[in-house]
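> Dropping a prediction and its sequence here:
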Amino acid sequence: MSGLVASASFEPPGTGDFVFRCIGPSYRVFGQTFCFNFIILLIVLTTLIVIGLFFFAFRKPKVIPGKFQLLMELGVDFVRENIALPMLGPDASKYMPLLTTFFFFILIGNFFEVVPGFSLSASSRIALPLTLAMIAWITYNGAGIRKHGFFGYLRHTCIIPSAPGWLRYTLLMFIEFISNIIVRPITLTVRLWANFLAGHFLLAIFFVGTIFFLVDGPKTWILVPVSFSLGTVLVGFEIFVSALQAFIFAILSASYIGQALAEEH
Amino acid sequence: MLHLIGQVTGNLDGLKTIGKGLVIGLAAIGPGIGLGILIGKSVEAMARQPEYAGQVRTTMFIGIGLIEALALFGIAFSFII
């Protein structure tokens, strides 16, 4: 954490802020160190909160829902009406569990970015977005292969029937393959990861800057309200970004599944 | 030009810092223009056909996600430099 500015020396936040020490024992497997650290704590907390929310909301579902059940039903209904149905149509209910989990897990995980005491989202380390993107990748490719067969799916994703013939089987085929199979999981990963990396840097810059201006002496105190109020506005912006990124991740996964399942035309 | 700056500053870290700044700044130009066109056109469409606002908004967010990734690639690569 870069929040410690003891003397009047400004230390800008860097990538070192995202590396945490091990808590408890560490194991070496294939030359890599595995251990329990702050990031894992965040992921475990997120998982427990999501499980708890759904468990307590839908443990005894009532026809006339209580306040909590109503709130969660609103969330699930949002995923169904705005993410699953427009993208998947009749296949929506089959992929609802995955999309709902994506949406709520990323949403709750991202909110740790602005929770005092944590101030860091697990999404700002690349491991979590990468894992989620790999799950989405396996799902949409698996759905497409199950529907069209392996070569049928390759033909379905890589070949645009409306393109002129000499381009269809040469240049466009490779472009479509790279963009649909290789680049999609990378963009899913980088979008979520870099948003929270940059968001954490923004918040850290403004709040560390505020502390620096306070410590530095009476001359810079005039800058404190500017820096602090901008930081506070950015906290609100980060809440918006958290919700937006959860929505975008879920809707892009749904759109990729929908494109893999589309009929030939 | 950059070679001269390198000679003046005498170390490569300065060049790296300039490179990082340039990467983020240049990577923001294209997506900035793209997002402007995308959101502007979406607002226009929503104003013309308010009954299709929901559909337009959903598609707009997908587009925002796709475009935004380009700018974020810049931020990500600036740490690799």
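That came through, no problem.
> The stretch 101-250 of chain A: helices as residue ranges?
Ranges of helices in the stretch 101-250 of chain A, per DSSP state H, counting those that start in this stretch, are A:127-148, A:150-158, A:165-168, A:171-177, A:184-216, A:224-261.
> What average pLDDT does the fifth one get?
In other words, helix A:184-216. Computed over helix A:184-216, the mean pLDDT rounds to 88.
> ok, now the third one?
For helix A:165-168, mean pLDDT is 79.
> List the buried residues for it?
A:Arg168 (16 or more other C-beta atoms under 10 Å in any protein chain shown). Every C-beta, even on glycine, is put in place using the N, C-alpha and C of the backbone.
> cool, and stretch A:107-124?
Residues A:107-114, A:119-124 are the ones in stretch A:107-124 that count as buried (16+ other C-beta under 10 Å).
> Phi, psi for the closest residue to B:Gly74 other than its chain neighbours please.
With C-beta to C-beta, 6 or more residues apart in numbering or on different chains as the criterion, B:Gly74 has its nearest non-adjacent residue at 2.4 Å, and that residue is B:Ala27. Backbone torsions of B:Ala27, given as degrees, to the nearest 10, read phi -70, psi -20.
> Hmm, B:Ala27 is touching B:Ile75, no?
Yes. Using C-beta atoms under 8 Å, B:Ala27 is in contact with B:Ile75, at 7.3 Å.
> Contact residues of chain B facing chain A?
Residues of chain B lying near chain A by C-beta under 8 Å from any C-beta of the partner chain: B:54-55, B:58, B:61-62, B:64-66, B:68-69, B:72-73, B:75-76, B:79.
> Show me how to select, in PyMOL, the buried members of these.
To isolate the buried subset of these in PyMOL, counting by 16+ other C-beta under 10 Å, use the following:
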select buried, chain B and resi 58+61+62+64+65+66+68+69+72+73+75+76
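> quick check, nearest of the residues of chain B next to chain A to A:Pro86?
Set against A:Pro86, the nearest of those by C-beta to C-beta is B:Thr58 (5.8 Å).
> Quick one: residues contacting that closest one.
Contact analysis of B:Thr58 by C-beta atoms under 8 Å, 6 or more residues apart in numbering or on different chains lists A:82, A:86, A:251.
> so how many other residues sit close to residue 31?
Chain wasn't specified; assuming chain A. 5 (other C-beta atoms under 10 Å in any protein chain shown).
> oops, I was thinking of chain B
B:Pro31, neighbours per other C-beta under 10 Å, totals 20.
> That one: what secondary structure?
Under DSSP: H, G, I helix; E, B strand; the rest coil, B:Pro31 falls in the helix class.
> Would you mind measuring from it to chain A?
Going from B:Pro31 to chain A by C-beta to the nearest C-beta, to the nearest Å gives 12 Å.
> which residues touch that residue?
So B:Pro31 contacts B:67-68, B:70-71 (C-beta under 8 Å, 6+ apart).
> How many residues are close by B:Ile29?
The burial count for B:Ile29: 11, using other C-beta under 10 Å.
> check contacts around the closest residue to A:Ser123 other than its chain neighbours.
Using C-beta to C-beta, 6+ apart and skipping residues adjacent in sequence, the residue nearest A:Ser123 is A:Phe196, 4.4 Å away. Residues near A:Phe196 by C-beta under 8 Å, 6+ apart: A:110, A:113, A:121, A:123-124, A:245.
> how much space is there between A:Phe196 and B:Lys20?
Between A:Phe196 and B:Lys20 the computed distance is 19 Å (C-beta to C-beta, to the nearest Å).
> And A:Leu192, by the same measure?
Taken as C-beta to C-beta, the span from A:Leu192 to B:Lys20 is 22 Å.
> OK, contacts around the spatially closest residue to A:Arg80 that is not a sequence neighbour?
Take A:Arg80 and drop its neighbours on the chain: the residue closest to it by C-beta to C-beta, 6+ apart is A:Met96, 6.3 Å away. For A:Met96, the contacting residues are A:79-80, A:84, by C-beta under 8 Å, 6+ apart.
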